[in-house]
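# dropping a prediction and its sequence here:
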2 protein chains.
Amino acid sequence: MLKSKVTISDVAKAAGVSSSAVSYALNDKPGVSAATRDKVLKVADKMGWRPNMAAKSLSNASVQSIGMVMTYDTQVLSVETYTMELIAGLTSELEKEGYSLTIRYASNQQAEMDVLRDWIATGGVDGVLLTNIELGDPRVELFSEHPEMPVLLLCDSSVAGGLTALSDDEQSTAHLLVDYCHELGHQRIARIAGPEELSHTFIRDNAFMEETAELDLQYSCFHTDYSPESGRKCTERLLSLPKPPTAIIYDNDVMAVSAVRTAKKLGISVPDQLSIIAWDDSFLCQVNMPSITALSRDVVARGRACARMLLGMIDGQDVKSTTDAPSELVFRDSSGPLVG
Amino acid sequence: MLKSKVTISDVAKAAGVSSSAVSYALNDKPGVSAATRDKVLKVADKMGWRPNMAAKSLSNASVQSIGMVMTYDTQVLSVETYTMELIAGLTSELEKEGYSLTIRYASNQQAEMDVLRDWIATGGVDGVLLTNIELGDPRVELFSEHPEMPVLLLCDSSVAGGLTALSDDEQSTAHLLVDYCHELGHQRIARIAGPEELSHTFIRDNAFMEETAELDLQYSCFHTDYSPESGRKCTERLLSLPKPPTAIIYDNDVMAVSAVRTAKKLGISVPDQLSIIAWDDSFLCQVNMPSITALSRDVVARGRACARMLLGMIDGQDVKSTTDAPSELVFRDSSGPLVG
DNA sequence: TTGTAAGCGTTATCAC
DNA sequence: GTGATAACGCTTACAA
């Protein structure tokens, strides 16, 4: 129950001033003379005073923390590093302002909504980061109704419902990928995408259809749950077509790696007969044999950007939606022109 | 500044009772009649009352959160999934009690100590999880001086300085590995270990020396920073020895994968001339060609166990240090008897 | 069984 | 420029 607590009034008593003077001094606010301020700061430091967040929150409603709800199932987590990198970037930037990251887990959408509503109702966090936005996502509506809670969405601004978003330039990226395949001479390209409900899958779907249509390429697309298993199934299905695609783009690295195995098993050589490209680079893509051509994004930097945007919003600034620089394509051994 | 707030006194007013009655009812404590309790609960529900954590913390010193400091550099994070799995396990179990996980970032040990001292001084979290314990780690001393703050260490109990620890059974695991190599007929085995400062590296070092000595095997060990780069360098160094080892154990999956590449480059065939084993299984080990024999641990389950232990300690229980079940060795294609 | 009131540590509004 | 004093929402003696 007891903690090594040095309160503002302890400091006030020791410095021989009032608690409000101490508060002003410690928060660098006007209302005290330079002399008392110095004295207070010295005493506070000597006594080892630390602000009590709970008290601070109660009085001015700021908990110095931003919130994030984890919903991924553990299976996916053990395989992908995106969330971890995002967290690393977020926390490293938040730390500069003494903010922390509050993580809660939700096993389903209902549970996540409960957590978010709770945060909104009680001010449990100063701002919220929302990822994996779906089409018609109830979270968008929820935060639209509560403009008092700063929120940043990691999704295309077209699905953010007017809320602030940090987006990927999916259109440019799709253009880059399709162009690359086209230049290599591929006429039939396919994409093994993520879950259809995810808004960024939707955005990519549209972008791909547009880009392939423009170049008059044949394009097919299957949706998966991102798992290597479902990736394998879709790959097999595609490759057993009478006229199979000669280039396949995978919405994550894991499926791309598993696709290389599948192709090998089916006796299809990569990249001579089939080009494989991963959306999202990783160590996996680098060390695979053959190494896998992949889109590289700096997720840690993106996490930092998220933190800065959220801190800005909490600070009352009018933070605008932004689009990240388009991803870079790292050319490796899994893609190339058709041979034979 | 304003939030959709329904306070206890709002509920009290609406239900026509006192605020203390509401508090008792809402917390399921004695002091109110069943009738008023029912009425209060109904009214509170209708009004959408939510507990305000800040106020709760201020009054009873419980913030419903456990803390963890991230120190890993971003490079390592993007490659390993251990921390993410741990977080997933932690948060999923904490959620059951309505607890959240508070993460802060520290770029060095000094910064981490500051965060921890802050948490201790202000009660910023109800408990702390400590990972990557080093020999003579100052954090152990810090928490020894503050028994009021529940803390759980992820390390061998021999280095926990009397604090509660959740350990791996490194001794049994070392035994398992050395035995396995011995049975395959290997006489010279090596280990590419993690950083020497880490206590679990130290524990493993000792265990390996013991086990290999017992079986009269030749054993050498290099220490790395866990990166594929340093793993590669050590592997090259070992393999260029006049009498190189015929089995190498790597302290993580990434280095093992990179070792397979290195061996291939040097014209050494795996597993015929060299067995490679990874300490920590992952998707990487599964899909690598050849697939890599690895020690499998259920990190998510470990995260859950951590949460339960910490919640127990917060609850005032006398939680004892525990040792996890020994890891399981998953036999794959990177290990086998010497051929030729 | 109830209600009243005193804290918890901080910020903010007052008089002085 | 300064120091009381009232919030903030909740818990918990203590009194009724």
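Okay, I see it.
# how close does the nearest residue to residue A:287 once chain neighbours are set aside sit to DNA strand C?
Excluding the flanking residues, the one nearest residue A:287 by C-beta to C-beta, 6 or more residues apart in numbering or on different chains is residue B:257, at 5.3 Å. Any C-beta I mention is one placed from the backbone N, CA and C, and that applies to glycine too. Separation of residue B:257 from DNA strand C (C-beta to the nearest atom of the strand, to the nearest Å) stands at 50 Å.
# one more: residue A:324?
35 Å.
# nearest spatial neighbour of that residue, chain-adjacent residues omitted?
Using C-beta to C-beta, 6+ apart, the closest residue to residue A:324 is residue A:168 (5.5 Å).
# which ones are touching that neighbour?
Residue A:168 is in contact with A:156, A:200, A:297, A:323, A:324, A:327, counting by C-beta atoms under 8 Å, 6 or more residues apart in numbering or on different chains.
# list buried residues within these.
The neighbour-count criterion (16 or more other C-beta atoms under 10 Å in any protein chain shown) marks A:156, A:200, A:297, A:324, A:327 among the contacts of residue A:168 as buried.
# so the third one sits right up against residue A:279, yeah?
No. Distance between residue A:297 and residue A:279: 9.1 Å, which falls outside the contact criterion (C-beta atoms under 8 Å).
# just after the lowest-mean-pLDDT helix or strand in chain A, pick out the following helix or strand.
Each helix and strand of chain A was given a mean pLDDT (mean pLDDT, DSSP states H and E); the minimum falls on helix A:74-77 at a mean of 62. As assigned by DSSP states H and E, the chain's next helix or strand after helix A:74-77 is helix A:82-95.
# so what pLDDT did residue A:257 get?
pLDDT for residue A:257: 94.
# so where does it fall, helix or strand?
Using DSSP H and E, residue A:257 falls in helix A:253-265.
# what packs against that helix?
If contacts are counted by 3 or more C-beta pairs under 8 Å, 6 or more residues apart in numbering or on different chains; DSSP states H and E, helix A:253-265 sits against helix A:228-239, strand A:247-250, strand A:275-279, helix A:283-287, helix B:283-287.
# need the contact partners of the helix or strand that comes right after the fourth one.
Okay, so that is helix A:283-287. Next helix or strand after helix A:283-287 toward the C-terminus (DSSP H and E): strand A:293-296. Under the criterion C-beta under 8 Å, 6+ apart, residues A:173, A:177, A:253, A:256, A:275-282, A:285, A:327-335 lie in contact with strand A:293-296.
# out of the residues you listed, which end up buried?
Buried subset of the contacts of strand A:293-296 (neighbour count, 16+ other C-beta under 10 Å): A:173, A:177, A:253, A:256, A:275-282, A:285, A:327, A:329-330, A:332, A:334-335.
# thinking again about what came up before, name the residues that touch the helix holding residue A:257?
Outside helix A:253-265, the residues touching it (C-beta under 8 Å, 6+ apart) are A:79-80, A:192, A:224, A:226-232, A:235-236, A:239, A:248, A:250, A:269-270, A:273-274, A:276-278, A:280-282, A:284-285, A:288, A:290, A:292, A:294, A:334, B:283, B:287, B:289.
# can you turn the buried part of those residues into a ChimeraX selection?
Per 16+ other C-beta under 10 Å, the buried members of those correspond to this ChimeraX selection:
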select /A:79,80,192,224,226,227,228,230,231,232,235,239,248,250,270,273,274,276,277,278,280,281,282,284,285,288,292,294,334 /B:283,287
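# give the contact list for the nearest residue to residue A:301 once chain neighbours are set aside.
Nearest-residue entry for residue A:301: residue A:89, 6.3 Å, with adjacent residues in sequence omitted and distances by C-beta to C-beta, 6+ apart. Residues near residue A:89 by C-beta under 8 Å, 6+ apart: A:299, A:300, A:301, A:302, A:303, A:304, A:305, A:306, A:307, B:74.
# let me see the mean pLDDT of the helix or strand harbouring residue A:177.
For residue A:177, the enclosing helix or strand under DSSP H and E is helix A:170-183. Mean pLDDT, helix A:170-183: 96.
# picking up where we left off before, DNA strand D next: which of the buried ones among the contacts of strand A:293-296 are close?
With C-beta under 7 Å from any atom of the strand as the criterion, the buried ones among the contacts of strand A:293-296 include none near DNA strand D.
# contact residues of the stretch 1-150 of chain A facing DNA strand D?
A:16-21, A:30-33, A:35-36, A:55, A:58-59.
# mind checking which of those residues are buried?
By 16+ other C-beta under 10 Å, those give A:17, A:21, A:32, A:36, A:55, A:58 as buried.
# can I assume the third one is in contact with residue A:19?
By that I understand residue A:32. No. Counting by C-beta under 8 Å, residue A:32 stays clear of residue A:19, with 11.9 Å between them.
# picking up where we left off before, keep only those of the contacts of residue A:89 that are in helices.
Here DSSP state H is the test, and the contacts of residue A:89 give A:299, A:300, A:301, A:302, A:303, A:304, A:305, A:306, A:307, B:74 as lying in helices.
# give me the buried entries from the residues you listed.
Among the ones in helices among the contacts of residue A:89, those classed as buried by 16+ other C-beta under 10 Å are A:299, A:300, A:302, A:303, A:304, A:305, A:306, A:307, B:74.
# please consider this matter closed, and thank you.
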